[in-house]
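A.B. asks: model the structure of this input:
(one chain, ligands or ions: 2)
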Amino acid sequence: VPRVTDPARILVVGSGGREHALAWRLARDAEVDEVVVAPGNDGIGRSFRRLAVAEDDADGLVAACRDQAIGLVVIGPEAPLAAGLADRLGAAGILVYGPSAAAARIESSKWFAKELMREAGVPSARAHLFEAFEPARDALRACAPPWVLKADGLAAGKGVLVTADRDQAETFLTGCFSGTRFGASGRRVLIEEHLEGEEASLMAVCDGERFALLPPARDYKRAADGDRGSNTGGMGAHAPFSRVNERHEREVGLRVVAPVLAAFAARGTPYRGTLYAGLMLTDQGPRVIEFNCRFGDPESQVVLPQVEGSLFALLASAAAGELAEDAIHRGDGASVTVALVDEGYPDRLRGDGVIEGLDALIRDESGVTLFCAGIADQNGRWTVRGGRAAYVTARAATLAEARALVYAAIAGLGGAGWRYRRDIAGAAAGAPLAHGPLRGAA
Ligand code: AMP
Ligand code: GLY
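C.D. replies: Ligands and ions are numbered 1, 2, ... in the order given. Below is the predicted model of the structure:
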C-alpha cells in the first residue's frame with residue numbers, strides 16, 4: 001500500500017449520498033486521519049469538514065489538495081471524471097482514485113462502450129447507432145417491441161427509454177435528434193436488443209490490470225412501488241444480492257472485467273478506478289446493460305458498509321497501480337438503503353419538501369446511518385433540494401432485519417413534500433410491503 005501524507009488526509013469529491021457513504025466508510029479505516037469532502041452538502045458537513053470547491057473546478061481542486069496536504073483523492077461522480085479531473089490531479093502529482101477521461105468514456109459514450117465490448121467479446125445486447133431521425137424510426141418499424149432507446153452521452157441516468165409504445169419511442173427520438181432532450185448528448189441514439197431477466201449491479205475496484213469485486217447489489221431504479229413509474233437515479237438498494245451467485249461472479253470477472261481492463265491497457269489508457277457493471281441475469285448468463293466509470297449511487301450506500309478490512313488500502317493501492325486485493329473482505333449480514341426524495345421526483349420536482357426528525361438519524365442514535373444528498377439546512381429545517389434528499393441505511397444480521405430498521409426509522413420522520421418507496425428489499429427479504437404513509441408526512 002502506498003504511503004500517503006502524514007497525517008493521512010483523504011479528499012472525497014462530490015456532493016451526494018455516494019460521497020457521504022465513501023467518506024463515512026473511509027473514516028472508519030485505522031490508517032485514515034481525516035476525510036474532507038468537496039463540495040459535500042449540509043448533511044455531510046455535520047460529520048466532515050467541507051471544502052468550498054466545486055467538483056468541476058479542477059484548478060481549485062488541485063490547489064486545495066496542495067493546500068490541505070491531501071494524500072489521496074477519491075472522485076465520486078461521472079461528470080468530473082469524463083471532464084478529465086483524474087488526469088489533472090494525476091499530472092499535478094496527486095494520488096487519485098478514479099479513471100482518466102479516456103477510460104471514463106466507457107460511461108460517457110454508450111456507443112464507445114458497445115464497440116469496446118464487441119472488440120473484447122463482452123456479452124451484451126446487440127445495438128445499432130443512429131445519427132438521424134428517419135433511419136432510427138425505420139429501425140423501430142423493422143424490429144418488434146419492446147424497444148430499448150439510449151442517448152449516447154451522459155444524461156444523468158435519464159437517457160434510456162424502454163417502451164412498447166411507438167408514439168412514445170418516436171417522441172423520444174424526435175427529442176434526441178432535435179437536441180431539446182439531452183442537448184449534444186442525445187444527437188446520437190442507440191437502439192438495442194431487449195434483454196429479459198433480473199438486474200444486478202457489480203462493482204470492481206481496478207488498478208489498470210487487476211481487480212477486486214465488491215459484493216453484488218440490487219438497485220431499485222423505478223420511481224414507484226412494484227417497479228412501476230419512471231426510471232430514476234435509484235430509489236433504494238440492498239447488498240449482498242443473493243441472485244448473483246459465485247458462478248455469475250466468476251463469469252463477470254472472466255468475461256467482463258478482465259477483457260475490459262485488457263482492452264483499455266492495449267489502448268494505452270489503463271483503467272484505474274471503479275468499473276461498475278449493470279447486469280441483466282438472463283437465461284444465457286449475465287449480460288452487460290451498462291457500464292459506469294464510478295461507484296454506483298445508491299449501491300455504494302449498501303455495498304461499502306458490507307466491506308470489511310481497509311477500503312483506504314484498497315483504493316490507494318489501486319490508484320497507485322498495485323492493487324492490494326487482500327486489503328478487504330466481505331462482511332456478514334446485509335445492508336438496506338431507502339432514498340427519501342422530493343415528492344415529485346423524478347418528473348415534476350416540487351422543491352419545497354421539509355423532512356422533520358433527521359437530526360437524530362444524523363447523530364446515528366437509532367441504529368441506522370443517514371447518507372445525505374440533496375438536502376439543505378435552512379435555519380434548522382432540513383429542506384429537500386434536488387431529487388434525492390437522503391438515504392436511510394442499516395446493516396444487520398439479515399436483510400429482513402436491516403429492512404425493518406430502515407423502515408422503523410423512516411416511520412419516525414415527519415414533514416411534507418417528500419416520499420419514499422415502501423418495497424425496497426421486500427421481496428428479497430421475504431417480507432410484505434411495509435405499511436406507512438404514501439407521503440413522507442407522518
Ligand atoms: P441504463 O441507464 O443503461 O442502466 O438503463 C436504464 C434501465 O433500462 C436499466 O436499468 C434497465 O432496466 C433498462 N434497460 C437498459 N438496457 C436494456 C436492455 N438492453 N434490455 C432491457 N432493459 C434494458
Ligand atoms: N444506481 C445506478 C447508478 O449509479 O448509475
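A.B. asks: helix, strand or coil: sort out residue 312 for me.
C.D. replies: helix (DSSP: H, G, I helix; E, B strand; the rest coil).
A.B. asks: and what about the nearest residue to it once chain neighbours are set aside, helix, strand or coil?
C.D. replies: Spatially, and ignoring its direct neighbours in sequence, residue 312 is nearest to residue 29 (4.1 Å; CB to CB, 6 or more residues apart in numbering). In short, each C-beta sits where N, CA and C put it, glycine included. Recorded secondary structure, residue 29: coil (three-state DSSP).
A.B. asks: low-confidence stretches in this protein?
C.D. replies: Low-confidence segments of the chain (pLDDT under 70): 157, 185-186, 365-366, 430-442.
A.B. asks: contact residues of it facing ligand 1?
C.D. replies: 125, 148, 157, 160, 162, 192-195, 199, 221, 231, 278, 289-290 (CB under 6 Å from any ligand atom).
A.B. asks: and the most centrally placed residue in the chain, what does it touch?
C.D. replies: The residue lying closest to the centre of the chain (CA atoms, centre = their mean) is residue 296, at 1.9 Å. Residues counted as contacts of residue 296 (CB atoms under 8 Å, 6 or more residues apart in numbering) are 18, 201, 203, 217, 219, 234, 237, 276, 303.
A.B. asks: can you tell me the SS state at the residue lying closest to residue 297 once chain neighbours are set aside?
C.D. replies: Nearest residue to residue 297, sequence neighbours excluded (CB to CB, 6+ apart): residue 18, at 3.8 Å. Here residue 18 takes the helix state, with states given by three-state DSSP.
A.B. asks: what's the neighbour count on residue 18?
C.D. replies: For residue 18, the neighbour count with other CB atoms under 10 Å is 25.
A.B. asks: how near is it to residue 90?
C.D. replies: Shown here: residue 18 relative to residue 90, a distance of 21 Å by CB to CB, to the nearest Å.
A.B. asks: could you do residue 61 as well?
C.D. replies: Distance from residue 61 to residue 90, by CB to CB: 12 Å.
A.B. asks: how many residues are close by residue 135?
C.D. replies: 12.
A.B. asks: just the one 5 residues further on next, same as before
C.D. replies: Neighbours of residue 140 under the rule other CB under 10 Å: 17.
A.B. asks: does it lie in a helix or a strand, and which?
C.D. replies: helix 133-142 (DSSP states H and E).
A.B. asks: what's the answer for residue 173, then?
C.D. replies: Assigning secondary structure by DSSP H and E places residue 173 in helix 166-178.
A.B. asks: so which bits of that helix are buried?
C.D. replies: 169, 172-173, 176-177 (16 or more other CB atoms under 10 Å).
A.B. asks: got the CA coordinates for that helix in PDB?
C.D. replies: C-alpha atoms of helix 166-178 as PDB (Å, rounded to 0.1, in the frame of the first residue of the first chain):
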ATOM      1  CA  ARG A 166     -44.400   3.500 -30.800                       C
ATOM      2  CA  ASP A 167     -45.600   7.100 -30.200                       C
ATOM      3  CA  GLN A 168     -43.500   7.400 -27.100                       C
ATOM      4  CA  ALA A 169     -40.500   5.900 -28.800                       C
ATOM      5  CA  GLU A 170     -40.800   8.300 -31.700                       C
ATOM      6  CA  THR A 171     -41.200  11.300 -29.400                       C
ATOM      7  CA  PHE A 172     -38.100  10.300 -27.600                       C
ATOM      8  CA  LEU A 173     -36.200  10.100 -30.900                       C
ATOM      9  CA  THR A 174     -37.500  13.400 -32.000                       C
ATOM     10  CA  GLY A 175     -36.400  15.000 -28.700                       C
ATOM     11  CA  CYS A 176     -33.000  13.400 -29.000                       C
ATOM     12  CA  PHE A 177     -32.200  14.400 -32.600                       C
ATOM     13  CA  SER A 178     -33.600  18.000 -32.200                       C
END
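A.B. asks: and it, how far out from the chain's middle?
C.D. replies: Distance of helix 166-178 from the chain centroid (CA atoms, centre = their mean, to the nearest Å) equals 27 Å.
A.B. asks: check which element follows that helix along the chain.
C.D. replies: Using DSSP H and E, the next helix or strand after helix 166-178 towards the C-terminus is strand 189-192.
A.B. asks: near ligand 2, anything from the next helix or strand after that following strand?
C.D. replies: Note on strand 189-192: by DSSP H and E, the next helix or strand toward the C-terminus is strand 198-207. No: contact of strand 198-207 with ligand 2 (CB under 6 Å from any ligand atom) is absent, the minimum separation being 6.5 Å.
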